[in-house]
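Trainee: Can you look at this prediction? I've put the sequence above it.
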Amino acid sequence: MKHFIINLITKLILSNKRKENKRVKAEKKRVKQGLPHTFIVYIAINDPLSYLLLQVLPELQHRFQVTFQFKPVLQKNSAMFPEMARWNENVLKDAIRLAKLYQLHAPTTHATASMNNEQLSQDYSLQLVKFSQQDNFIEQALPLFQDYWQPTVQNNNAVNQCKTDGQNRTDLAKILSKNEQALQNNGHYLSATIFYGGEWYWGLERLHHLEQRLNQLLLPTNPKIQYDKLHQPLQPYNQTNVATSISSKKPLTLYFSVRSPYSYIGLKRAIALAEHYQIPLELKPVLPMLMRNLPVPKQKGLYIITDVKREADFFQLDFGHIADPLGQGVERCYALFNYVKAQGKANLFMLNFMQAVWTKGIRSETDKGMQKIIEQTGLNWQEAKTHLNGQQWHTWAEDNLKSLYDIGLWGVPSFQYQDTCVFGQDKLFFIEQAIRDALSIK
């Protein structure tokens, strides 16, 4: 009964009908109050994705005639970032890639000195708070971000002005803290985020969702999606142009957890990518964070599940009838991995398992549920179930996690193709670029 109730509540939360009703309600409220379409924008000086977001906001403002309310933040909630140092290092790499993709001013690796200077970050943040109380925020803030992330010459005059002008630094610090609390109270934990009409849009990676929504509401006759390059379909490829056999090509490696809903999307897309370019796909499952004693706060989990739903909808994937495999479900799945791999069915089994627990509500901790998954994979249940109590998976799961750390990443899904390593299914665009470069495809 408990599983049934949880599943019912989750399906309700993720219902597209519920989402549309909330949007209609939010729009009616805005019209009734006579308010403009307003983006509440949370940015942080020490977040390179905020630097990129700030650069594209004027174009969005011009296209949709929206207004902005800026809320500078600085401190991260450490509970949301169990690997803070690795997160900071990886997000800078992502920002540099994204800047090149969208032809924006890019942060530099030299800016790590700025990131590690707490006093500098505090001074710049207080100056941003001051600017946020004025009308020309972007015009004033961009030079600060440029000095911070492209540190050839620091804008010390601007920082000193914040220290010496008539407004008390204590007052600015209180506003900064209030903004950080508002971010948390409204249900998020990341900077470079836009809050609009009850929904969150993170960085350039989710702007296409916002554009789709605004097109439907404001520009139905002239729709335009400009920030969807990361989500474009696979690029054309004629495999007959490449003589190399699939077995001799370098593999695409996927680090994933069957308990990660993003990994479900990542696995689906990785299989399609590998098949498209006729390259091997190597699966490296790892234990979920909770089973490694790493916290996943409720607030973070709720945002993730709703974000996964809209990403799944975008790729036309089913999602939302959930039977959480945490614990026994994960253990039983991993205990069977070497067996299904020996049968040449590893990819299919993992895909069937993740579809079962994320789209069909099949309880993998039960024999009835696991039997369905095994038989759907074309394997014999009586033979398979003799492997359910195996313990060898503990060793390879730990080895896979170590390999993940060795390439500088920590979370799932993560992807590696030769020297290119990315975290997140929304970064597969860069993996595809690396594959095409390796295969000499223009």
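Mentor: Done, it's in. Numbering: from 1, shown residues only.

Trainee: Which pLDDT value belongs to Lys163?
Mentor: Lys163 is assigned 57 on the pLDDT scale.

Trainee: can you offset everything so residue one is 24?
Mentor: Understood, numbering begins at 24; the last thing we discussed is Lys186.

Trainee: List the contacts of Ala134.
Mentor: 71, 115, 171-174 (C-beta atoms under 8 Å, 6 or more residues apart in numbering). Just so you know, the C-beta spots here come from the backbone N, C-alpha and C atoms, and that holds for glycine as well.

Trainee: Name the spans of the stretch 124-273 of the chain whose pLDDT lies under the cut-off.
Mentor: Counting by pLDDT under 70, the stretch 124-273 of the chain has low-confidence residues at 176-190, 263-271.

Trainee: All the helices of it, residue numbers only.
Mentor: Under the criterion DSSP state H, counting those that start in this stretch, the stretch 124-273 of the chain contains helices at 135-138, 141-155, 160-172, 179-187, 192-208, 230-241.

Trainee: hey, which of these is tucked in deepest?
Mentor: Here the criterion is mean neighbour count by mean count of other C-beta atoms under 10 Å, and of these the winner is helix 141-155, at a mean of 21.

Trainee: from the contacts of Ala134, which is closest to Leu371?
Mentor: Leu115 (37.0 Å; C-beta to C-beta).

Trainee: Next one: the closest one from His299, what distance?
Mentor: The gap separating Leu115 from His299 is 30 Å, by C-beta to C-beta, to the nearest Å.

Trainee: More neighbours: which of those two?
Mentor: For Leu115 versus His299, the count of surrounding residues by other C-beta atoms under 10 Å is larger for Leu115: 21 against 16.

Trainee: host element of the more buried one?
Mentor: Element membership for Leu115, per DSSP states H and E: helix 107-125.

Trainee: can you give me how far that helix is from the chain middle?
Mentor: Here helix 107-125 is found 12 Å from its chain centre; the criterion is C-alpha atoms, centre = their mean, to the nearest Å.

Trainee: And for stretch 80-87?
Mentor: On C-alpha atoms, centre = their mean, the centre of stretch 80-87 falls 24 Å from the chain's centre.

Trainee: same question for it, mean pLDDT?
Mentor: Mean predicted lDDT for stretch 80-87 stands at 96.

Trainee: One more: stretch 317-333?
Mentor: Computed over stretch 317-333, the average pLDDT equals 92.

Trainee: Specify the local secondary structure of Val445.
Mentor: Following DSSP: H, G, I helix; E, B strand; the rest coil, we place Val445 in the strand state.

Trainee: per-residue confidence at Leu121?
Mentor: Leu121 is given a pLDDT of 98.

Trainee: What distance do you get for it to Leu72?
Mentor: Taking C-beta to C-beta, one finds Leu121 at 8 Å from Leu72.
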